[in-house]
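> quick one, fold the following:
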Amino acid sequence: TASVAMPDRVGQDAQRTVRGPEQQDSGPSSSGRLSPMIPANDGQPPESGPVPALAASNLWKRFGGMTAVAGIQLSVPAGSFFGLVGPNGAGKTTALSMMTGLLRPDAGTVWINGADVWLDPVPVKAAIGVLPEGLRLFDRLSGPELLSYLGRLRGLDRAVIGERSRELLAVLDLAAAGRTLIVDYSTGMRKKIALAAALLHNPRVLFLDEPFEGVDPVAAQTIRGVLDAYTRSGSTVIFSSHVLELVEGMCDRVAVMSRGQILASGPIGQIKAGRSLQEAFLAIVGARPDEGSGRLSWLGRSFGGSW
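Numbers count the residues shown, from 1 in each chain. This next block holds a predicted model:
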């Protein structure tokens, strides 16, 4: 089991970053609206000082003629609770998939704790836990059977698997499910067993893609408690969401993504700048708070016929 130490956060002041495709070293062009350039961390692992949990440099991905991720730069200090926010279709899932080795980028490099995700995948995948959106589980297994199977794939000792499984199932309120098959789990229960699977090997960095989507408030509170305890130990959580209130209440750092670009990244207080996160987000992506209010003027005014 890898040991976990509380990182030194000195010198990790984040900066806003706005980059368009023509400002990158390589990659396809984009016809999307571009914002002015603001100096930013270049995504390279630092030569001195603490190594970031995640660093991404000039990351690109296209699907046919559509650019999903356009040369993003990102650096996440170890020990952060980091939120990646953006509207639907911003490229969050594609970016996280490339960062975790699930999707090969067209260009760019990703490092996890200083190791290249694509050149040195074995130590990287041993050090991360991943809960991707729409994860398919072995749903003809029970929760304990799934954790036992995945633990053995990870090379963990049987006794360690048993002890950790019991603790995770108890903390995530799944112990009572007993031998119930995962196919019969509720949405919240499936999210929690997937989180248990991602945490079983004690990763240093945990990636979660929309972990609270479809989860009821009780299950969400349980998951939040587990993640808070995890980051207090010095480990790192990186998760995507479009629920800004959730990110605002949980994260100490945030990046705003839109149209395949990282428009801003840094401590959440710096990004908010005295506003709510939603107000800051709308300003950064260029949306008006009242957008849409003047349209559909006919709606609700009168009915075209009788019921």
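> so what's the residue count around Gly266?
Here the count is done by other Cβ atoms under 10 Å, and Gly266 has 18 residues near it. Quick note: C-beta positions are derived from backbone N, CA and C, even for glycine.
> tell me where the model's unsure across this structure.
In the prediction, the chain carries residues with pLDDT under 70 at positions 1-49, 289-294, 302-307.
> check which residues of the longest helix seen in it are buried.
Taking DSSP state H as the criterion, the chain has its longest helix at helix 217-232. Of the residues in helix 217-232, 219-220, 222-223, 227, 230-231 count as buried by neighbour count, 16 or more other Cβ atoms under 10 Å.
> between those, which is closest to Ala175?
Thr222 (12.4 Å; Cβ to Cβ).
> am I right that that closest one is in contact with Leu172?
Yes - contact criterion Cβ atoms under 8 Å: Thr222 and Leu172 qualify, at 6.0 Å.
> which neighbours do the two have in common?
Lys192 (Cβ atoms under 8 Å, 6 or more residues apart in numbering).
> coming back round to it: and the buried residues of helix 217-232 as TSV, adding distance to Arg301?
Formatted as TSV, those follow (distance: Cβ to Cβ, whole Å):
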residue	distance to Arg301
Ala219	41
Ala220	38
Thr222	45
Ile223	43
Leu227	46
Tyr230	51
Thr231	50
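> show me what the host helix or strand of Val69 is packed against.
According to DSSP states H and E, Val69 maps onto strand 66-76. Applying 3 or more Cβ pairs under 8 Å, 6 or more residues apart in numbering; DSSP states H and E, we find strand 66-76 packed against strand 54-63, helix 92-99, strand 107-112, strand 253-258, strand 261-267.
> give me the next element, helix or strand, following that strand.
strand 81-85.
> now that next one and strand 66-76, what's the angle there?
160 degrees (axes from the mean of the first three to the mean of the last three Cα atoms, to 10 degrees).
> verify the stated contact: Trp118 with Val110.
Yes - applying Cβ under 8 Å, one finds Trp118 in contact with Val110, separated by 7.3 Å.
> between the two, point out the one with more neighbours.
The neighbour count for Trp118 versus Val110, taken as other Cβ under 10 Å, is higher for Val110 (22 against 13).
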